Each structure stands twice: as C-alpha cells, then as structure tokens.
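>>> Sharing a model that was predicted from the sequence below.
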Amino acid sequence: MATNKSQLHNEVVSKVQEFCESNKMKAQTTTALMELLSSLLAPKKGGATSQNASYTDANGTVMHYCRFHQQFEPESDMVLSQGKNKGYCKASISIWNKRNSAIKAKEASIAQFIIASDIEAAKSASIELQDMKANLNEPSTYDYDSDWNAFRA
Ligand SMILES: [Zn+2]
C-alpha cells in the first residue's frame, strides 16, 4: 500500500541503482548518489513516505532510511520488528527512549511541585517539558555521529 510518492521514490532509487550497476560505478559513488537522492526526494517534515525507502548498495548491504538521522543506514544498524524495518536505527531509538523517560520524570516532578504548592517550580518545569517534547521527534536534534558514539559507549 505504498503511496504514489514513495512508489515514485522507490522507482527512482532502483533506476539509479541499476544505472550505477550497469555503469560499474564505485560503491562510494553509488552511496553518495543514493544519499543525494534521498535528500532530494525525502519530504522535509517527518512524513511516513521516506521511512519506507530502502535499497541494496553495491556491496550487497541492504540500506534503510533512518527518519531521525535523515540518512540511509545499513540494515544491521536498524530496528527491525519481525523482519520489518521500523524506519529508525538502534542509536536514535536509544536516545528517543532516554528522552521519553526524562519527559515522564519531568511530568512526575511537575505533579509533585503542584502537590507541594510550589507553583513557580511547576511553571519552570512545564516550560522545560515543552522543549523536551518539541525535541523528541525533531530530526535536527539528533546527530548521527554522537548518537552512535553514545550507543556504542
Ligand atoms: Zn539513525
């Protein structure tokens, strides 16, 4: 049930891939082209279509688009559910889970401040909470290198 846009995307990606293979282009060039393509074709705001984009690179590695890092990553780095790509990598979901726990803790602290009638503390915690929620799914707040370094640490 792919949308027209993701069908088109997949079609273009596979055509370019065929082109690279038939012209015996270097794996590096192919990868660079695929990344360029993905940045040109992927919707800017968290739409679902780009997440479905996948291709096999010249080395036979299956690559999937990570919606948090907005780039392709090897399947071994991605989160799969019953063999199905979830659209994000292990490093980004680890960050996401930490942030989500922090949001839950912040919400609990606001409740505690209110119970204690500390309205100023509740207010400032609420402002922090808004930022935390805004950043949770915002790709620009994720960074491939530092997220993966943290994940591997
Ligand atoms: Zn990622």
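Good, I have the coordinates.
>>> So which residues of this structure form helices?
Secondary structure of the chain (DSSP state H): helices located at 4-22, 27-41, 90-115, 119-136, 144-152.
>>> looking at those, which is closest to the ion?
Counting by CB to the ion, the ion lies closest to helix 90-115 out of these; the figure is 4.2 Å. C-beta coordinates here come from the backbone N, C-alpha and C atoms, glycine included.
>>> quick check, that closest one touching the ion?
Yes. Applying CB under 5 Å from the ion, one finds helix 90-115 touching the ion at Ser92.
>>> Would you mark the buried spots in that helix?
For helix 90-115, burial by neighbour count (16 or more other CB atoms under 10 Å) applies to 90-93, 95-96, 99, 103, 106, 110, 113.
>>> same thing with stretch 55-73?
Residues 55, 57-58, 63-73 are the ones in stretch 55-73 that count as buried (16+ other CB under 10 Å).
>>> Considering only the residues you listed, which also neighbour the ion?
With the criterion set as CB under 5 Å from the ion, the members of the buried residues of stretch 55-73 near the ion are 66, 69.
>>> Widest-spaced pair of the buried residues of stretch 55-73?
The most widely separated members of these, counting by CB to CB, are Ala58 and Phe68 (25.3 Å).
>>> List the residues that contact the residue lying closest to Thr56 once chain neighbours are set aside.
In this structure, Thr56 finds its nearest non-sequential neighbour in Val62, 5.3 Å apart by CB to CB, 6 or more residues apart in numbering. Each residue near Val62 by CB atoms under 8 Å, 6 or more residues apart in numbering is listed here: 54-56, 74-75.
>>> from these, which is closest to Thr30?
Using CB to CB, the contacts of Val62 come closest to Thr30 at Tyr55, 9.2 Å.
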